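Trainee: Need a 3D model of the sequence below.
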Amino acid sequence: MKVHFIAIGGSAMHNLAIALSRKGYRVTGSDDEIFEPSRSRLEKEGVLPENIGWDESKISIELDAVILGMHARPDNPELLKAKDLGLKIFSYPEFLFDQSKDKKRIVIGGSHGKTSTTAMLLHAVNELGVDTDYMVGAQLDGYDCMVKLSESAPYMIIEGDEYLSSPIDRRPKFHLYKPDVAIITGIAWDHINVFPTYENYVDQFRKFIEVIESDGTLVYNTADKEVDKLAKEFQARLNCIPYQTPVFEVTGIGTRLSYDGETYDLNIFGEHNMQNLMGAMQLAKHMGINHHEFLSSMKGFTGAGKRLQKVIDIENFVMYKDFAHSPSKLKATTKAVKSQYKNRTVVACMELHTFSSLKKEFLPQYDGAMKYADHALVYFSPEVVAHKKLEKLEKSEVENGFGGDVTVVNTTEEVLDFIHALDLKNTVLLMMSSGNFDGIDYDQLGQKIKVQF
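Mentor: Here you go, the predicted model:
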């Protein structure tokens with residue numbers, strides 16, 4: 001089978017391209033920009049385009065399918081030619097469904113907690129030898145490709161993103177997967193550029209539940225009031241399985257979980273991670289893994305990449321990097337760190353980087369999001385605001401959005417100056433961003449602070 005990728009350099013797209021190449025497909029692709037690590041990974045697999053840019057000559061009737069990435073525009077010359085030739089054009093979620101329609105599909109949805117829950121489930125199935133295919137939106141440690149597609153696996157685990165599928169398919173990705181088993185970990189307004197109201201955003205999760213297969217299963221987090229309310233609408237049609245925060249206590253290495261008369265020592269911590277763990281445990285049951293097997297297998301799990309990922313850990317100082325950037329994620333992450341390190345000073349730095357986070361009307365959603373930190377800094381780049389064609393932001397507007405008690409800065413140097421001006425003895429430093437504060441090397445920063453002790 002011959003498949004061509006339009007916008008092959010994307011995070012999900014390049015992983016899918018690699019997976020199909022490994023499956024024996026003839027894969028070609030194009031893009032007008034390909035950054036690392038996509039470039040090196042595609043090159044290693046022999047599917048990196050020879051030239052950067054769009055090339056209509058790559059589109060011919062010999063293609064069995066064209067897979068269209070979100071980065072491409074509706075007037076993309078390769079896309080227009082594919083349409084003229086009447087070729088099959090898929091978004092990557094459509095193609096994933098096509099590849100998994102004869103498997104049991106387990107889809108992880110939610111505004112936050114998706115990647116961690118998916119990583120937990122994958123860790124368990126790998127530990128216990130359960131054959132499964134998967135698609136994960138983030139890079140996890142121990143994997144060289146975040147998509148696996150096979151003929152043999154009876155299951156397909158999919159991280160279900162609520163963002164749009166492609167430039168010509170404005171449906172959220174998770175509406176296309178038709179899960180047999182689905183989970184919603186939490187709902188907190190995001191992607192304001194696509195879902196202009198909170199009600200509109202919540203409705204996308206309602207539609208996600210509606211596409212669950214007949215007699216399918218919805219696993220849902222009762223600790224989230226919106227999720228709990230939504231699930232109750234479907235209890236007559238679906239097998240609805242609730243979960244909530246389990247009984248746990250903080251330990252020196254992480255958490256001691258108590259469940260069904262047993263205790264389990266874990267390396268992860270935080271109320272939100274314990275909820276994710278319970279959700280993943282319920283999903284695992286639908287893959288033939290009982291609760292004790294699942295929890296026992298999780299003793300070696302250290303977390304998903306960039307989700308409370310430890311950078312430095314010495315006697316008087318600990319540093320974490322985290323992907324948190326939305327209001328709910330910031331609050332959950334800072335609360336988890338403060339609960340874990342009650343006797344330490346928590347210094348939390350975060351970057352406003354996404355379209356939603358830089359919109360003036362969205363800023364009030366951040367009120368109190370950093371309240372668990374002893375020292376809090378918020379960074380945003382005026383250049384990024386301008387690049388996204390958004391209204392100019394003032395530091396005072398950001399400070400007010402967070403409810404005060406935060407330092408707001410506009411340069412990477414100011415972020416570093418803020419950190420280095422503090423007495424970091426007996427401190428936890430938390431760096432939270434979907435970017436890197438426009439140039440901060442977290443490992444380098446950690447080593448520089450380490451030598452101070």
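Trainee: from here on, contacts and neighbour counts on C-alpha atoms
Mentor: Fine.
Trainee: mind giving me the domain ranges of the chain?
Mentor: Domain segmentation of the chain under automatic domain parsing yields 2-87, 95-300, 309-450.
Trainee: pLDDT score for Asn410?
Mentor: Looking at Asn410, its pLDDT reads 97.
Trainee: Now for it: which residues touch it?
Mentor: Shown in contact with Asn410 (C-alpha atoms under 8 Å, 6 or more residues apart in numbering): 379-382.
Trainee: Sort out for me which of those residues are in strands.
Mentor: Using DSSP state E, the subset of the contacts of Asn410 located in strands is Tyr379.
Trainee: Adding neighbour count as columns, could you present the contacts of Asn410 in JSON lines?
Mentor: Listed next are the contacts of Asn410 as JSON lines, based on neighbours: other C-alpha atoms under 10 Å:
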{"residue": "Tyr379", "neighbour count": "23"}
{"residue": "Phe380", "neighbour count": "23"}
{"residue": "Ser381", "neighbour count": "19"}
{"residue": "Pro382", "neighbour count": "18"}
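Trainee: need the contacts of Asn410 in TSV with distance to Asn76, can you?
Mentor: Shown next, in TSV, are the contacts of Asn410 (distance: C-alpha to C-alpha, whole Å):
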residue	distance to Asn76
Tyr379	35
Phe380	32
Ser381	30
Pro382	30
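Trainee: which one of the contacts of Asn410 sits closest to Asp203?
Mentor: Of all these, Phe380 has the smallest distance to Asp203: 30.2 Å, by C-alpha to C-alpha.
Trainee: Please report the distance of the nearest residue to Asp438 once chain neighbours are set aside from Leu393.
Mentor: Of all residues not flanking Asp438 in the chain, Thr412 sits nearest, at 6.4 Å (C-alpha to C-alpha, 6 or more residues apart in numbering). Here the criterion is C-alpha to C-alpha, to the nearest Å. By it, Thr412 lies 17 Å from Leu393.
Trainee: Ok, His112 next?
Mentor: As judged by C-alpha to C-alpha, His112 and Leu393 stand 26 Å apart.
Trainee: got it, and Pro167?
Mentor: Look at Pro167 and Leu393: by C-alpha to C-alpha, they are 29 Å apart.
Trainee: same check, this time on Tyr320
Mentor: Tyr320 sits 28 Å away from Leu393, taking C-alpha to C-alpha as the criterion.
Trainee: Neighbour count: those two, which is higher?
Mentor: It is Tyr320, of Tyr320 and Leu393, that has more neighbours when counted by other C-alpha atoms under 10 Å, with 21 against 16.
Trainee: any idea which element that one lies in?
Mentor: Assigning secondary structure by DSSP states H and E places Tyr320 in strand 317-322.
Trainee: what residues does that strand touch?
Mentor: 306-313, 424-433, 442, 446, 450.
Trainee: same check, this time on stretch 3-23
Mentor: The contact list for stretch 3-23 (C-alpha under 8 Å, 6+ apart) reads 25-35, 38-39, 42, 45, 47, 58-59, 63-72, 78-79, 92, 136-138, 145-150.
Trainee: likewise stretch 397-405?
Mentor: Stretch 397-405 has contacts (C-alpha under 8 Å, 6+ apart) with 360, 363-370, 376, 406-408.
Trainee: List just the nearest of those residues to Val130.
Mentor: Closest approach to Val130 among the contacts of stretch 397-405 (C-alpha to C-alpha): Ala369, at 38.8 Å.
Trainee: List the contacts of that closest one.
Mentor: The contact partners of Ala369, by C-alpha under 8 Å, 6+ apart, come to 327-328, 330-331, 402.
Trainee: change it to 7 Å
Mentor: 327, 330-331, 402 (C-alpha atoms under 7 Å, 6 or more residues apart in numbering).
Trainee: so which of those residues is the most crowded?
Mentor: That'd be Leu330 among the contacts of Ala369, by other C-alpha under 10 Å, with 24 neighbours.
Trainee: what's the distance between that residue and Lys101?
Mentor: For Leu330 relative to Lys101 (C-alpha to C-alpha), the value is 36 Å.
Trainee: what's the answer for Gly46, then?
Mentor: When Gly46 is compared with Lys101 (using C-alpha to C-alpha), they lie 28 Å apart.
Trainee: those helices in this protein, which residues are they?
Mentor: Counting by DSSP state H, the chain has helices at residues 11-22, 38-45, 77-84, 92-100, 114-128, 198-210, 225-232, 271-285, 291-297, 327-340, 382-387, 395-401, 412-420, 442-450.
Trainee: Compile these into CSV and extend it with columns for distance to Pro242.
Mentor: What follows is those, written out as CSV (distance: least, C-alpha to C-alpha, whole Å):
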stretch, distance to Pro242
helix 11-22, 30
helix 38-45, 38
helix 77-84, 43
helix 92-100, 26
helix 114-128, 15
helix 198-210, 14
helix 225-232, 8
helix 271-285, 8
helix 291-297, 15
helix 327-340, 20
helix 382-387, 40
helix 395-401, 34
helix 412-420, 42
helix 442-450, 38
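Trainee: Out of these, which gets nearest to Gly261?
Mentor: Closest approach to Gly261 among those is made by helix 291-297 (10.4 Å; C-alpha to C-alpha).
Trainee: tell me which strands and helices that closest one is in contact with?
Mentor: Counting contacts by 3 or more C-alpha pairs under 7 Å, 6 or more residues apart in numbering; DSSP states H and E, helix 291-297 is packed against helix 114-128, helix 271-285.
Trainee: now Leu308, nearest residue through space, not along the chain?
Mentor: Using C-alpha to C-alpha, 6+ apart, the nearest residue to Leu308 is Asp322, at 4.8 Å.
Trainee: so how far is Ala304 from the one you found?
Mentor: Per C-alpha to C-alpha, Asp322 is found 10 Å from Ala304.
Trainee: ok, now Ser339?
Mentor: With distances taken as C-alpha to C-alpha, Ser339 is found 20 Å from Ala304.
Trainee: With Gln235 instead?
Mentor: Distance, Gln235 to Ala304, by C-alpha to C-alpha: 32 Å.
Trainee: Next one: the spatially most central residue of the chain, what pLDDT does it get?
Mentor: Centroid-nearest residue in the chain: Thr115, 4.6 Å away (criterion: C-alpha atoms, centre = their mean). Thr115 is assigned 93 on the pLDDT scale.
Trainee: Please apply the same query to Gly403.
Mentor: pLDDT, Gly403: 95.
Trainee: same thing with Asp190?
Mentor: On the pLDDT scale, Asp190 gets 89.
Trainee: With Glu413 instead?
Mentor: Here the pLDDT value assigned to Glu413 is 97.
Trainee: Repeat that for Val125.
Mentor: We note a pLDDT of 97 for Val125 in this prediction.
Trainee: same thing with Leu140?
Mentor: So Leu140 comes in at 89 (pLDDT).
Trainee: For the closest residue to it other than its chain neighbours, list the residues it contacts.
Mentor: Counting by C-alpha to C-alpha, 6+ apart, Gly305 is the residue found nearest to Leu140 once chain neighbours are left out, at 5.2 Å. By C-alpha under 7 Å, 6+ apart, Gly305 lies in contact with 139-141.
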